[in-house]
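Engineer: Curious how this folds, go ahead:
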Amino acid sequence: MLLRLRRSAMRWLILPAVGWMLACERSQPSPPPAENAPEPPAAVSTVAPSELWGTAWTLEDLAGVPLAEGRQATLAFPEPGKVSGNGSCNRFFGAVEVSGQSIIFRALASTRMACSEPIGNQETVYLKALQDAERFEVSGDTLLIHAKDLEKPLRFKKKV
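Structural biologist: As a prediction, this is how the structure comes out:
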């Protein structure tokens, strides 16, 4: 009985404190825009996130490395906040956040079919690069996704 009362009393003490902290966090002012922020190169078009939704892409090369013969790796943005595709052997899906030229893939999951070694290795590198993605560029029918620790971006061609 005493334990039940203590738990109940703690809830009444903790819940208002958590609500107050959340309200304070939301009321923090936004940082001012950065002055002299670099502009994207002239040849690269900045794509609004809404223009990325509903598009599908085929992987052309994996950060400068030619793709293994076999199945095609793809990337699709079927609706706002969603991503799917083929990693080379397995289908994958997850969430994506796009803001300006920033892109973050979250909670990627895939099927678990057995793959030949070169295709499986390619898929592992591809999905890791997506999880490490930081920014993207679109120029015509080409999508470049830059990932940390990769010297060159992933290069995609738009599916028609």
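Engineer: residue ranges with poor pLDDT in this structure?
Structural biologist: Judged by pLDDT under 70, the chain has its weakly predicted residues at 1-50.
Engineer: Let's see that with 90 instead.
Structural biologist: Within the chain, the segments meeting pLDDT under 90 span 1-51, 68-71, 160.
Engineer: Which stretches in it count as helices?
Structural biologist: With DSSP state H, the ranges of helices along the chain come out as 2-26, 49-52, 117-131.
Engineer: what residues are up against the closest residue in space to residue 149 that isn't next to it in sequence?
Structural biologist: Spatially, and ignoring its direct neighbours in sequence, residue 149 is nearest to residue 132 (6.4 Å; Cβ to Cβ, 6 or more residues apart in numbering). No exception for glycine: its C-beta is placed from N, CA and C like everyone else's. Residues in contact with residue 132 (Cβ atoms under 8 Å, 6 or more residues apart in numbering) are 147-150.
Engineer: Tell me how many other residues surround residue 98.
Structural biologist: 21 (other Cβ atoms under 10 Å).
Engineer: Report how many residues lie close to residue 57.
Structural biologist: Using other Cβ under 10 Å: residue 57 sits among 23 other residues.
Engineer: Look up the closest residue to it, ignoring the ones flanking it.
Structural biologist: residue 156 (3.7 Å).
Engineer: if I pick the one you found, what's in contact with it?
Structural biologist: Counting by Cβ under 8 Å, 6+ apart, residue 156 touches 57-60, 75, 142-145.
Engineer: Please narrow the residues you listed to those residing in strands.
Structural biologist: 57-60, 75, 142-145 (DSSP state E).
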